[in-house]
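S.K.: Sharing a sequence plus its predicted fold:
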Amino acid sequence: MQYLSTRGHPERKRFCDILLEGLAPDGGLYLPETYPQIDDAALTQLRRAYNEEGYAALAFRILSLYIDDIPAADLKALCAKTYTQEVFGTKEIVPLRQLEDGLWIEALSNGPTLAFKDMAMQLLGNLFEYELARRGEELNILGATSGDTGSAAEYAMRGKQGVRVFMTSPHGRMSPFQQAQMFSLQDENIHNLAIEGVFDDCQDIVKAVSNDHAFKARYKIGTVNSINWARLLAQVVYYFAGYIQATQGNEQKVSFTVPSGNFGNICAGHVARQMGLPIDRLVVATNENDVLDEFFRTGVYQVRASEHTYETSSPSMDISKASNFERFVFDLVGRDGARTQALFADGVGRAGRFDLSQDAVFQDTAGKYGFVSGKSTHADRLATIRDTYQRFGQIIDTHTADGVKVARERRGDLAVPMIVLETALPIKFAETIQEALGRAPERPARFEGIELLPKRVQQLPADVERVKAYIAAHCD
Ligand SMILES: *Cc1c(COP(=O)(O)O)cnc(C)c1O
């Protein structure tokens, strides 16, 4: 399998080359040249693999369709090492539970940091360690986080050979639980940098360091952001697992609703559907930051300025532009790299906006590709959390609540099972649960008292040179 750039660069690459890279050289995102097709017989085999051998076996079969530069035995071992009951809490890894008639929740948040990002990041940690060892190389991951991504990256990379993590976060602005999750890690290769500033300052520092090409090369700086194809590919697997669990024994269609921010999670659903998984609808759920909902309703993609990017109670969806969206648009415009380049590099780059409302392909978003969308607000989240608790005795997190709210509105054919992806556990957003229910969510036993553990964190001013000096001092 070869990979190409969404912006038409002629070069083709193999999986392990793009694994350690960010953007393609022309600024595009990597996608496979073709989507491997799963016919009925192949789907039956995948069903059997999941039911009889488990999630790791399913993951291995799907990943092998896209990865041909890691020997099969090694890839199988990497999957087996990643997707264990010990790390993800259940034999199913992503168990499905019913909420109401025909509406299901797929639990993706039982990994080490209680958010779905673990599903991909845990695999990425093992893939990085494997590939770096094979090449005799090292990698220093520099990132900025306001919560979920940073902790998922740290828990995936802790103790891994050849990898260090330098994770900046805004000092004093993460929830006590999130701070404790990250800062309690005592592994030598994990460095928490609490920056005296806001999240944007952290992001600016990461950008400035990445733009210093000499420093970047000298210290082998890399990232683990959501545009990494390996992360997206890992996420394709749980769409198959959700489908298999919802349709035991009959080959009907299902729909998925996905609480969305950077469009990474739902883009994996798009890939699964392009492979032939019988998905009816892919429902994009946004919060008040509704750039994606606006596109799927109107055909206008309008990046938000920072003063129009709101801080909400589903903070992991507070985005102003969706970094993975270009992948879907590339498929939508018939894989025309020049056109994608014009829309994103020239269009979004220049004006932050493009308009496909008058273009025939816009009809395909819902028709050929099955996308619909909806939006949820703070009041909707509170109401949905309350209703779900009162009627079903279940507490769902704020992001999942956005999903459930929009899923009910956009279900379409009620005979088609609707699966809402649970992207985090409620304990991560306890304040809003308290506001909705007047009680705190349960805390998994392994997180009892983590706020009291010793913290490993370095406080630094929002100063690029100071961050560079810290990295340099901890790299040799
Ligand atoms: C990252 C995240 C999202 C958004 O996922 P995307 O892939 O960026 O669309 C939703 N919910 C939670 C809890 C997250 O951590």
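M.R.: Great, that's in hand. Remember, it's a predicted structure, so these values are computed and weren't measured experimentally.

S.K.: How about the contacts made by the residue in the stretch 1-150 of the chain that the ligand sits nearest to?
M.R.: Using Cβ to the nearest ligand atom, the closest approach of the stretch 1-150 of the chain to the ligand is made by residue 148 at 3.5 Å. Every C-beta, even on glycine, is put in place using the N, C-alpha and C of the backbone. Taking Cβ atoms under 8 Å, 6 or more residues apart in numbering as the contact definition, residue 148 lies against 113, 115, 117, 316, 424, 428.

S.K.: and residue 189, what pLDDT?
M.R.: On the pLDDT scale, residue 189 is placed at 97.

S.K.: now the helices for the stretch 1-150 of the chain?
M.R.: 15-19, 40-48, 55-64, 72-82, 85-88, 117-135, 148-157 (DSSP state H, counting those that start in this stretch).

S.K.: Output the contacting helices and strands for the second one.
M.R.: In terms of contacts (3 or more Cβ pairs under 8 Å, 6 or more residues apart in numbering; DSSP states H and E), helix 40-48 is packed against helix 55-64, helix 229-246.

S.K.: Would you reformat those helices as CSV and include mean pLDDT and mean neighbour count?
M.R.: What follows is these, written out as CSV (pLDDT from 0 to 100; neighbours: other Cβ atoms under 10 Å):
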stretch, mean pLDDT, mean neighbour count
helix 55-64, 98, 22
helix 229-246, 97, 24
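
S.K.: now those helices as TSV including distance to the ligand?
M.R.: As requested, the helices and strands packed on helix 40-48 are arranged in TSV below (distance: least, Cβ to the nearest ligand atom, whole Å):
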stretch	distance to the ligand
helix 55-64	18
helix 229-246	8
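
S.K.: Can you add distance to residue 433 and give these back as JSON lines?
M.R.: Listed next are these as JSON lines, based on distance: least, Cβ to Cβ, whole Å:
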{"stretch": "helix 55-64", "distance to residue 433": "28"}
{"stretch": "helix 229-246", "distance to residue 433": "24"}
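
S.K.: does residue 374 sit in a helix, a strand or a coil?
M.R.: strand (DSSP: H, G, I helix; E, B strand; the rest coil).

S.K.: and residue 318, how many residues sit next to it?
M.R.: Neighbour count for residue 318, taken as other Cβ atoms under 10 Å: 18.

S.K.: All further residue positions should be reported with the first residue as 541.
M.R.: Happy to do that; since the first residue is 541 now, the last one works out to residue 858.

S.K.: That one contacts residue 846, doesn't it?
M.R.: No: the criterion here is Cβ atoms under 8 Å, and residue 858 misses it with residue 846 at 10.8 Å.

S.K.: before we move on, the earlier item: so the residue of the stretch 541-690 of the chain closest to the ligand versus residue 750, what's the distance?
M.R.: Distance, residue 688 to residue 750, using Cβ to Cβ, to the nearest Å: 21 Å.

S.K.: Also residue 579?
M.R.: If you measure residue 579 against residue 750 using Cβ to Cβ, the figure is 43 Å.

S.K.: neighbour count winner among those two?
M.R.: The neighbour comparison of residue 579 against residue 750 (other Cβ under 10 Å) goes to residue 750, with 15 against 8.

S.K.: what comes up buried for stretch 672-681?
M.R.: Buried residues in stretch 672-681, counted by 16 or more other Cβ atoms under 10 Å: 672, 679-681.

S.K.: ok, those residues vs residue 649, which is closest?
M.R.: Taking Cβ to Cβ as the measure, residue 649 sits nearest to residue 681 out of the buried residues of stretch 672-681, at 22.5 Å.

S.K.: Just grab the bridge partners of the closest one for me.
M.R.: residue 705, residue 762 (DSSP bridges).

S.K.: Helices along the stretch 891-1016 of the chain, start to end?
M.R.: Along the stretch 891-1016 of the chain, counting by DSSP H, counting those that start in this stretch, helices occupy 902-906, 918-932, 938-949, 970-977, 1004-1013.

S.K.: And the stretch 741-890 of the chain, by the same measure?
M.R.: 753-758, 769-786, 804-814, 831-838, 865-872, 877-881, 889-891.

S.K.: Around the ligand, pick out the residues from the stretch 891-1016 of the chain.
M.R.: Counting by Cβ under 6 Å from any ligand atom, the stretch 891-1016 of the chain comes close to the ligand at 939, 963-964.

S.K.: mind listing what the closest residue in space to residue 841 that isn't next to it in sequence touches?
M.R.: The shortest distance from residue 841 to any non-neighbouring residue, by Cβ to Cβ, 6 or more residues apart in numbering, is to residue 835 (4.6 Å). Contacts were defined as Cβ under 8 Å, 6+ apart; by that measure residue 835 touches 841, 865, 913.

S.K.: ok, residue 835 to residue 904 distance?
M.R.: Applying Cβ to Cβ, the value for residue 835 to residue 904 is 13 Å.
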